[in-house]
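> take this sequence and fold it.
(4 chains)
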4 protein chains.
Amino acid sequence: MKNLSSSKDAITKIEEQLIQLVLKRHKLVQELQTNDGISSESLFTRMVHLAKKKKDEQMIEAIEDLFKGLSDKKKEKTFLYSREHQKEDTIVMVNGERIGNGDPHLIMGPCAVESDQQVREVAAVLKQKGVKLLRGGAFKPRTSPYDFQGLGVEGLEILSRVAREHNMAVVTEIMSADQIEEAIPFVDVIQVGSRNMQNFSLLNELGRIDKPILLKRGLSATIEEFKLAAEYILSHGNKKVILCERGIRTYETATRNTLDISAVPILKQETHLPVIVDVTHSTGRKDLLAPAAKAALAIGADGIMAEVHPDPANALSDSKQQMNLNEFEEFYSEIQHFLKRNQYELTYA
Amino acid sequence: MKNLSSSKDAITKIEEQLIQLVLKRHKLVQELQTNDGISSESLFTRMVHLAKKKKDEQMIEAIEDLFKGLSDKKKEKTFLYSREHQKEDTIVMVNGERIGNGDPHLIMGPCAVESDQQVREVAAVLKQKGVKLLRGGAFKPRTSPYDFQGLGVEGLEILSRVAREHNMAVVTEIMSADQIEEAIPFVDVIQVGSRNMQNFSLLNELGRIDKPILLKRGLSATIEEFKLAAEYILSHGNKKVILCERGIRTYETATRNTLDISAVPILKQETHLPVIVDVTHSTGRKDLLAPAAKAALAIGADGIMAEVHPDPANALSDSKQQMNLNEFEEFYSEIQHFLKRNQYELTYA
Amino acid sequence: MKNLSSSKDAITKIEEQLIQLVLKRHKLVQELQTNDGISSESLFTRMVHLAKKKKDEQMIEAIEDLFKGLSDKKKEKTFLYSREHQKEDTIVMVNGERIGNGDPHLIMGPCAVESDQQVREVAAVLKQKGVKLLRGGAFKPRTSPYDFQGLGVEGLEILSRVAREHNMAVVTEIMSADQIEEAIPFVDVIQVGSRNMQNFSLLNELGRIDKPILLKRGLSATIEEFKLAAEYILSHGNKKVILCERGIRTYETATRNTLDISAVPILKQETHLPVIVDVTHSTGRKDLLAPAAKAALAIGADGIMAEVHPDPANALSDSKQQMNLNEFEEFYSEIQHFLKRNQYELTYA
Amino acid sequence: MKNLSSSKDAITKIEEQLIQLVLKRHKLVQELQTNDGISSESLFTRMVHLAKKKKDEQMIEAIEDLFKGLSDKKKEKTFLYSREHQKEDTIVMVNGERIGNGDPHLIMGPCAVESDQQVREVAAVLKQKGVKLLRGGAFKPRTSPYDFQGLGVEGLEILSRVAREHNMAVVTEIMSADQIEEAIPFVDVIQVGSRNMQNFSLLNELGRIDKPILLKRGLSATIEEFKLAAEYILSHGNKKVILCERGIRTYETATRNTLDISAVPILKQETHLPVIVDVTHSTGRKDLLAPAAKAALAIGADGIMAEVHPDPANALSDSKQQMNLNEFEEFYSEIQHFLKRNQYELTYA
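Purely as a prediction, here's the structure:
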């Protein structure tokens, strides 16, 4: 242990010297400020600057270690979701769509699967417009146990059958790990709902399979927590994660939730994953779907999710916020017009 | 269909008469207001009042049907959690403690189970004070997948062994339905954490077993959603549900969460279930544990949950908010003093 | 008082009759439902419908008075801000810019006026790009009394002088009614800051002058409260009100505030006033200014406000979120490019 | 300028040396960690520790200047509201009541002054119970310009007349600086409402007078912002500031606002000012007034504010949340009972 204690002594000696230098510098800076009024940058900022000029990685690291907080930046590099870990965008392939490739993608369909006919009616209209990703809920997380809970596996069968016939892919929610196995044959993208964003048992299991996962942001999750929820999936091996901003809970009641539009560019910067926006749940208002979709695309979203139902008034869930087929056509043409002006191409159109 | 349409005609005729009467009354009220300045109650309020005097249930119902919104009140009666369904308080028996009986109960222990010795040290001190409910996490839901995830079943074994030796009961969190079976032999109260408040698959399964459930309010759950989460458990057959307010997410950062103290009397009024307050997670500050506990007891909470660790500085989770053993003794004596002044008795003291 | 009490008796008698009729109708409806399963509209809805067919205003009013809450809808029509009151868009003329005419407008400049030279440097660059509205704070509302509080009237003089020389208009904040008179000669648009959105004394006085008012949404104001704050100004006679969404306070800390992008189309629908977006305060991050501005324009904002400073690092306030001149040029060209693609024209370009 | 640049060179030289030392220390620490696994404190922590041992204030300051953020702690000392500035509790004398002396005080009265008779009826009942502080609004900040705005100076006259006759003190809100002069003769405590917590013009003027100020927390103000709003008053010379927690805006709608009960002990710790709780506005529910008051007193509040009206149903504002006279008597006796059990004395009882 001799070495250890002599090293410790050496460290203490250096610290003593550091203090003297810091003090000396402090006095000089104070003199300058008195005479000259300049506002000096913090010592730390200047030290980092000097070190960066020297391009000495270890030196930068040493300075950053001055404060533990600063190692956050460094840690960031090790997260699998981060741009530091992977510079290029992750592209998730689904049914020929390359989600995350810079083109916008649409994921549309009813809130809940109610019948073969219902899904068929919607799918036919979507197909006609070139939409290739069909959403619909078979397992429905509902606030009350007495509300319609979804058709379960029968719903998956309907979705899958109709989607196959129309050459569309199925995006649907799974609520617990034990549903994964029965769902896999019917599903192309497994959705994790807001309420389950931190259902870590589910995330871990989804990390072990080879299916794209659409992970929705929790109702009051920070962006930080959202990224770390994705990390649960990524760290168990599944790299096909799509993030979905769907509004956060605030005091404002004019909309169902508050669409946190800034989350889109933040997630695009800090992760390499595709980011889509669910305009239905974030606004909860049919009159805001097209405006919100345009804002989302303008700010860089990789896709838009919205709900369409042949007869919203009689829907078994969310009847107020689903578009009917005519409303969908208007929505579609408004988005299409916006995209054309912006020289995007709907890849499937 | 003759009957049907004649009934419809009759209804329309009544509605015509109603309109004429409403109009006539309106004019009279207007005259009165001009002459006398009285502000009249709404017609609806008066009609309900009259009907109540007659004690005619169907008449009240008929009037309430004027507006659909009013049937909410009526629906309320059918929820199993509601005071309308059950007038008397539910008392959940755990290890001889009758939670919900009007006396305050303490649930204490470390955030996470880390070792036999750690739990043993805490339990010994708690036992000495008469605390009979030992909490500790074996499965830890953590924001990052790289943080300590708990000892799992080994943690349950430690908890159970130490608790049995000290004649204490075990309160511990389960994160998914598939952990229930392995946990049951070791656990006296199963905790559902905030992140899982709307993990409906888990709630459904917990509704099918015969163990007390401590259900924590979700991070940004409304009181309404909280009650309905409890309903998931109750409606599957398990009546032993304890509600736990543990702070909600707001903009304020001085505390970890914002303790929604008003939720306690609201839940006590609207449900018949015991309501406890987790002062550790709601405040996230050791200096606020005793004050928050006193406020919680003053407002009618059935118990207090807080974290105690023999060496918080080196704890594997939540190191800043856990009390050490001395701090616990101070906390305990402050609460004890408060309770005595209020002529409560800690049943176990 | 005889009349009064006989009127009261008459009213009670009518109410008795009403109850009997409501009850009779209720029973008929129940029979129908049992036999036929039809879902009946509420009595109220049907009564309103019948009254409307008769086009008898007083009758409608009488029925609506059944419940006080229902008069809300009716009141809405009378608000001066509402589309019901004025169908066509309000256009506020400032220095030749027609704000609200469908073209986007830029309001740019430093957070606080610090010196003649500082404002001059910024104005020269803005002018070059055709920006005609120069913002800058002379009275600064600061959280701490010890922070820089602005140059006051001297700041107004600087702003005004530089703006005149560059043929630009001045947009600046006034913090209390007693500053209006001294400010008027120097100012083209008076800004009401977030903290003052419900400073009703100030709003009332601003309603009595003939200057455009830029009203910022309060930090946690609902859209409803925001509209009613505008109504304070409008109802006192000043019709030149521009609304400004600038982010709301939520739990999310990745951005300074949460840009409530949906507020833009809602305000455009429900009011006839121009709506602009302050991208600086809503995001608090320079890297998000251009993306947020594009989203705001895509969703229908009439203009963008952002902060530009010649030397942000040494700014006396908000040093982190102001663009320097190079960053502004990049921001400008990105927005310009976006607008061209969308076939807008910057009217001044 | 020769001196200046040579000083700058000297500073840069020191910074170079610092970097080399920091780097050297970093390498030593890394070696130690590899061999020994010890978790080192941050360099910063150790440097501060060393400097403190030497009791050299300037040295500590120099080190803290390494990061600007660290000076926060130091600044705190200089705030006039802080315990560092003044250890002993501030006691604000009003009409013989010593607010802040450890005993609880009640401030009661109608939301708005409506008539002499109305105030008289309430005051008589309050007086009987020994309440000495009479609240009532003469200037009412209302969300809509069309709602009752208060009786203005006439209201002040009524309040003052009735209060004098009953030997009570008047607590009432002032909405702008220009109302101060006319209000002063009638008022004993000037209230600053939530919407005006950051109306700095008003705060500055209130700092220049010699009247107690009751400052309410803003609707979504952080505790930090609340303290700094108090600092505006204190720093202009008026030391008689009473803080009032009145609920914050959150997503929860079961209560009008969310009573942030933890703010009470935090404000008591971090400031020396009296802290009271407005139970009416924080809950907005009559059924929660007594429970919330007990919680507030248990957690250490210096007083309770609540609204009482002789005929709430016909009140011109807040009709749902005001107690009638009977409800007040029940409220009073519940609080009285609670206080007696806790060996407090209502000083006036």
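> low-scoring stretches of the stretch 1-150 of chain A, by residue?
A:1-4, A:32-77 (pLDDT under 70).
> report the buried residues of stretch A:217-228.
By 16 or more other CB atoms under 10 Å in any protein chain shown, the buried positions in stretch A:217-228 come out as A:217, A:218, A:219, A:220, A:221, A:222, A:223, A:225, A:226, A:227, A:228. Every C-beta, even on glycine, is put in place using the N, C-alpha and C of the backbone.
> from chain B, how far out is the third one?
Spelled out, that is residue A:219. Relative to chain B, residue A:219 is positioned 6 Å away (CB to the nearest CB, to the nearest Å).
> so where does that residue fall, helix or strand?
Per DSSP states H and E, residue A:219 falls between elements, in no helix or strand.
> next, count neighbours for the one residue in the stretch 201-349 of chain A that gets nearest to chain C.
Proximity of the stretch 201-349 of chain A to chain C (CB to the nearest CB) peaks at residue A:298, 3.6 Å away. By other CB atoms under 10 Å in any protein chain shown, 23 other residues sit near residue A:298.
> these two touch, right, it and residue C:301?
No: under the criterion of CB atoms under 8 Å, residue A:298 is not in contact with residue C:301, lying 11.1 Å apart.
> which one of the buried residues of stretch A:217-228 is nearest residue B:158?
Of all those, residue A:228 has the smallest distance to residue B:158: 27.7 Å, by CB to CB.
> need the helices for chain A, in chain order.
Using DSSP state H, the helices assigned to chain A run over residues A:2-36, A:43-53, A:57-64, A:71-76, A:116-129, A:153-165, A:180-183, A:200-206, A:223-235, A:263-270, A:279-283, A:289-298, A:325-341.
> mind listing what the closest residue to residue A:25 other than its chain neighbours touches?
Using CB to CB, 6 or more residues apart in numbering or on different chains and skipping residues adjacent in sequence, the residue nearest residue A:25 is residue D:14, 4.4 Å away. Neighbour list for residue D:14: A:21, A:24, A:25, A:28 [criterion: CB atoms under 8 Å, 6 or more residues apart in numbering or on different chains].
> ok, now residue A:244?
A:191, A:214, A:215, A:216, A:217, A:275, A:276, A:277, A:278, A:305.
> for these, give me JSON lines that also has distance to chain B and pLDDT.
Converted to JSON lines, the contacts of residue A:244 look like this (distance: CB to the nearest CB, whole Å; pLDDT from 0 to 100):
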{"residue": "A:191", "distance to chain B": "15", "pLDDT": "98"}
{"residue": "A:214", "distance to chain B": "18", "pLDDT": "98"}
{"residue": "A:215", "distance to chain B": "13", "pLDDT": "98"}
{"residue": "A:216", "distance to chain B": "13", "pLDDT": "98"}
{"residue": "A:217", "distance to chain B": "12", "pLDDT": "98"}
{"residue": "A:275", "distance to chain B": "20", "pLDDT": "98"}
{"residue": "A:276", "distance to chain B": "22", "pLDDT": "98"}
{"residue": "A:277", "distance to chain B": "20", "pLDDT": "98"}
{"residue": "A:278", "distance to chain B": "17", "pLDDT": "98"}
{"residue": "A:305", "distance to chain B": "20", "pLDDT": "98"}
